[in-house]
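Chemist: Return a 3D structure for these sequence lines:
(2 chains)
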There are 2 protein chains.
Amino acid sequence: MKYIGIDLGGTNLKGVAIDRKGDILYKKNIQSRTEEGPEVVIRNIIELIQNITRTVKGDNKTIAIGIAAAGVVDIENGICTWLPNLPGWKDIALVQIIEEKIGTPAYLINDVRAMTLAEKTVGAGQGIKNLVCIAIGTGIGGGIILHDQLYFGDEGFAGEIGHQVINFNGPKCTCGNYGCLEAYASGAHIILEAIRMVKQGATTIIRDLADNDLNKITPKIVALAARKGDEIAKEIWENESFYLGVGLANLVHILNPEMIIVGGGIAEGSDILIDGIRTAVCERLHLGACTDHLQIVQCKLGDIAGAVGAALWSKYSINKVINRRKR
Amino acid sequence: MKYIGIDLGGTNLKGVAIDRKGDILYKKNIQSRTEEGPEVVIRNIIELIQNITRTVKGDNKTIAIGIAAAGVVDIENGICTWLPNLPGWKDIALVQIIEEKIGTPAYLINDVRAMTLAEKTVGAGQGIKNLVCIAIGTGIGGGIILHDQLYFGDEGFAGEIGHQVINFNGPKCTCGNYGCLEAYASGAHIILEAIRMVKQGATTIIRDLADNDLNKITPKIVALAARKGDEIAKEIWENESFYLGVGLANLVHILNPEMIIVGGGIAEGSDILIDGIRTAVCERLHLGACTDHLQIVQCKLGDIAGAVGAALWSKYSINKVINRRKR
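Modeler: Numbers count the residues shown, from 1 in each chain, chains lettered A, B, ... in the order given. Below you'll find the predicted structure:
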């Protein structure tokens, strides 16, 4: 038997099939083509699921399908309430559509909550009871595991750690609020800072690395510049660590987790960032002692975490349904 | 049978006896006389416990004793690690001393965690699964109930919501960090603001209400002035609501609780503050919808909450021990 997980992102649809232990049987990425609207994207999702079903055969019956989506989702009713980076994705009953087309139970989850579940179950957080996962990409998302379980809160949006305010006098965030962590430390902010420095005429190799085209500046390029010793790029990453340190120290004071897992496009492969965050968190902790226990680590599953987590979520959800029926 | 709870504060020792339903059988306050050092305070605690034991007689055997202490406590080992407002209280094995003197199992808990447990069990939070309690006194403490249970985190200090940073460029906090919520919204801060305004020569009745003595200014006096329509006092409370709103909106984004319970000396009886906080939280919430569900309410148990919570904690703790023995 197998579980299929789909990570519905702004650029790619990532699909995996996992077995009951969580081992990956198969994975496949296709473009999501979000600019063509929800109907096309949904068709692509269904084709990807069918492709995975066909490819992973044998006794590998598909038990359930999980979809991880970047945004606000209603997990109870399987509705994508609002996916801000996907044009037209408001109040779309994705689970119902997929179940009708495929005939297999489907479950929806926020993408960072899915990543968190994947890291807890088969990634960096195995055996850890209380942990926080932060995903730093274009925005900043989060997921929380408490007492070995995903914590959703009253209405399912617990973990929105990117929208904690770290400076109420700070710049406006995409959410409309001021001084959110996301407004200081997202991938979008790193790009803006790099562009600002280049425009100011600062001595930096960032411009060269981006082929003299400001539109080509990415966090990866800024990271590359930092690794080459570029002082401006290093400063951008130091600031990044500082802001993340403030936000994550807040989480430590509130939740006192055993582990913080840092993931998302910006953080992947960035040892410098993890070290910087560790320093910044420790400097700010009220109770110095806790730093002995607190682990700050990189995510293990990389860009497949969301899809794996979606598959695990479908496994968890259908088992809950089956157990309820048994009673 | 009964459970005794003691709230060990900087000024008073508050003692209660409760029955197994949590109803209060008896309560008594004495001065803690912390300035005379831990030995005297401990003697006072023991006398208070003996007094309660003697007074509440009949079939009311004392099953367990709970102590709520204002500061960092090691609940596993029953040690007051650090009580910043009580001179000399560092690494004191309070539980062992009490158990030796009284001969009854004793349990230790942080005072705001105790208050949270009391409000959840017999106060404003009955029937609420996920809630956050904030206690605004000289400092700002917190307690968190998740899935109907007190949440302590990895090392027992989860809930230190007063030390979340709401402005990393902010003023220095007593903890050594900068821009903590406590540095903006504690009782101490309200007094400082009032003194600053009076010294600046602002038109306010605060000076008169404090008998022309700046040392006599208290949050209560500032509240009284606000109720009398004093513009300066009203502004101080508006700012207080704003800062608390920022910090509590952060908690909502992180934990998405059903309820926030506001307590502590500053908040008691202050409807204005609750309304102000509600407005300030709602303004800052990323997902407007959540405000429909979110309840922001005043604590119900007043200044007895810590002692009641300590007694409930002793009941919870000894039942855990008994259940473990049964297995």
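
Chemist: helices or strands next to whichever helix or strand residue A:272 is part of in the packing?
Modeler: Using DSSP states H and E, residue A:272 sits in helix A:271-284. In terms of contacts (3 or more Cβ pairs under 8 Å, 6 or more residues apart in numbering or on different chains; DSSP states H and E), helix A:271-284 is packed against helix A:219-227, helix A:231-255, strand A:259-263, strand A:295-298. All C-beta atoms are positioned from the backbone trio N, CA, C, and that covers glycine.

Chemist: Run through the residues of the stretch 1-150 of chain A sitting next to chain B.
Modeler: When proximity is defined as Cβ under 8 Å from any Cβ of the partner chain, the stretch 1-150 of chain A approaches chain B at A:72, A:129, A:130, A:142, A:144, A:146, A:147.

Chemist: Surely the second one and residue A:144 touch.
Modeler: In other words, residue A:129. No: here residue A:129 does not reach residue A:144: they are 11.9 Å apart, not a contact under Cβ atoms under 8 Å.

Chemist: which one of those two has more residues nearby?
Modeler: Legend: neighbour count by other Cβ atoms under 10 Å in any protein chain shown for residue A:129 and residue A:144, higher for residue A:144 (25 against 16).

Chemist: A strand includes that one, no?
Modeler: Yes: if the criterion is DSSP: H, G, I helix; E, B strand; the rest coil, then residue A:144 is within a strand.

Chemist: and it, what does it touch?
Modeler: Listed by Cβ atoms under 8 Å, 6 or more residues apart in numbering or on different chains, the contact set of residue A:144 reads A:116, A:131, A:132, A:133, A:150, A:151, A:158, A:159, A:255, A:257, B:254.

Chemist: tell me the secondary structure for the third one?
Modeler: Yep, that's residue A:132 we're talking about. For residue A:132, the assignment made with three-state DSSP gives strand.

Chemist: Could you give the separation between the terminal residues of stretch A:142-160?
Modeler: Terminal residues of stretch A:142-160 are spaced 6 Å apart (Cα to Cα, to the nearest Å).

Chemist: give me every residue that touches the one residue in the stretch 201-327 of chain A that gets nearest to chain B.
Modeler: The minimum distance from the stretch 201-327 of chain A to chain B, using Cβ to the nearest Cβ, falls at residue A:256 (2.6 Å). For residue A:256, the contacting residues are A:130, A:290, B:152, B:153, B:154, B:155, B:156, B:157, B:158, B:160, by Cβ under 8 Å, 6+ apart.

Chemist: Let's see that with 7 Å instead.
Modeler: Going by Cβ atoms under 7 Å, 6 or more residues apart in numbering or on different chains, residue A:256 touches A:290, B:153, B:154, B:155, B:157, B:158.

Chemist: Nearest residue to the residue in the stretch 101-250 of chain A that chain B sits nearest to in space, please, no chain neighbours.
Modeler: Chain B sits closest to residue A:153 of the stretch 101-250 of chain A, with a gap of 2.6 Å, by Cβ to the nearest Cβ. Nearest non-adjacent residue to residue A:153, counting by Cβ to Cβ, 6 or more residues apart in numbering or on different chains: residue B:256, 2.6 Å away.

Chemist: what's the answer for residue A:55, then?
Modeler: residue A:26 (5.8 Å).

Chemist: element containing the one you found?
Modeler: Going by DSSP H and E, residue A:26 is part of strand A:24-31.

Chemist: Give me the contacts around that strand.
Modeler: A:2, A:12-19, A:44, A:48, A:51-52, A:55-56, A:60, A:304, A:308.

Chemist: likewise stretch A:237-248?
Modeler: Contacts of stretch A:237-248 (Cβ under 7 Å, 6+ apart): A:134, A:161, A:164, A:166, A:181, A:184-185, A:190, A:226, A:260, A:272-273, A:276-277, A:280-281, A:283-284, B:165, B:168.

Chemist: The same query, at a cut-off of 8 Å, please.
Modeler: A:132, A:134, A:136, A:161, A:164, A:166, A:181, A:184-185, A:190, A:193, A:222-223, A:226, A:260, A:262, A:266, A:272-273, A:275-277, A:279-281, A:283-284, A:296, B:165, B:168.

Chemist: How about stretch A:210-224?
Modeler: Against stretch A:210-224 from outside (Cβ under 8 Å, 6+ apart): A:187, A:190-191, A:194-195, A:198-199, A:206-207, A:209, A:233, A:236-237, A:265-266, A:270, A:272.

Chemist: Would you mind measuring the gap between the ends of stretch A:170-190?
Modeler: Taking Cα to Cα, stretch A:170-190 runs 16 Å from one end to the other.

Chemist: and the helix or strand harbouring residue A:322, what does it pack onto?
Modeler: Using DSSP H and E, residue A:322 sits in helix A:305-326. Contacts defined by 3+ Cβ pairs under 8 Å, 6+ apart place helix A:305-326 against strand A:2-8, strand A:12-18, strand A:62-69, strand A:106-110, helix A:111-122.

Chemist: Between these, which one is closest to residue B:66.
Modeler: Across the helices and strands packed on helix A:305-326, residue B:66 has its closest neighbour in helix A:111-122 (33.6 Å, Cβ to Cβ).

Chemist: can you state the direction angle for that closest one and helix A:305-326?
Modeler: 80 degrees (axes from the mean of the first three to the mean of the last three Cα atoms, to 10 degrees).

Chemist: Helix A:111-122: how far from the chain's middle?
Modeler: 9 Å (Cα atoms, centre = their mean, to the nearest Å).

Chemist: and it, C-alpha only, in CSV?
Modeler: Presented in CSV, the C-alpha positions along helix A:111-122 are these (Å, rounded to 0.1, in the frame of the first residue of the first chain):
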residue,chain,number,x,y,z
ASP,A,111,2.6,23.3,3.2
VAL,A,112,4.7,24.3,6.2
ARG,A,113,2.7,22.2,8.6
ALA,A,114,3.2,19.3,6.1
MET,A,115,7.0,20.0,6.1
THR,A,116,6.9,20.0,9.9
LEU,A,117,5.2,16.7,10.0
ALA,A,118,7.7,15.2,7.6
GLU,A,119,10.7,16.5,9.5
LYS,A,120,9.2,15.1,12.7
THR,A,121,8.4,11.7,11.3
VAL,A,122,11.2,10.9,8.9
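
Chemist: Run through the strands of the stretch 51-200 of chain A in chain order.
Modeler: A:62-69, A:72-74, A:79-82, A:90-92, A:106-110, A:131-136, A:140-146, A:149-150 (DSSP state E, counting those that start in this stretch).

Chemist: Which strands border the shortest one, and is each parallel or antiparallel?
Modeler: Using DSSP bridges, the neighbouring strands of strand A:149-150 in the sheet come out as strand A:140-146 (antiparallel).

Chemist: now swap in the fifth one and tell me
Modeler: Neighbouring strands of strand A:106-110 in its sheet, by DSSP bridges, are strand A:62-69 (parallel).

Chemist: again, but for the third one
Modeler: Neighbouring strands of strand A:79-82 in its sheet, by DSSP bridges, are strand A:72-74 (antiparallel), strand A:90-92 (antiparallel).

Chemist: Least reliable of these by average pLDDT, please.
Modeler: Lowest mean pLDDT within the strands paired with strand A:79-82: strand A:72-74, at a mean of 91.

Chemist: which residues touch that strand?
Modeler: By Cβ under 8 Å, 6+ apart, strand A:72-74 touches A:79, A:80, A:81, A:82, A:83, A:108, A:109, A:110, A:156, A:157, B:287.

Chemist: Contact partners for the fifth one?
Modeler: Yep, that's residue A:83 we're talking about. Counted by Cβ under 8 Å, 6+ apart, residue A:83 has contacts A:8, A:69, A:70, A:71, A:72, A:89.

Chemist: Show me which of the residues you listed is closest to chain B.
Modeler: Comparing the contacts of residue A:83 against chain B with Cβ to the nearest Cβ places residue A:72 closest, at 6.6 Å.
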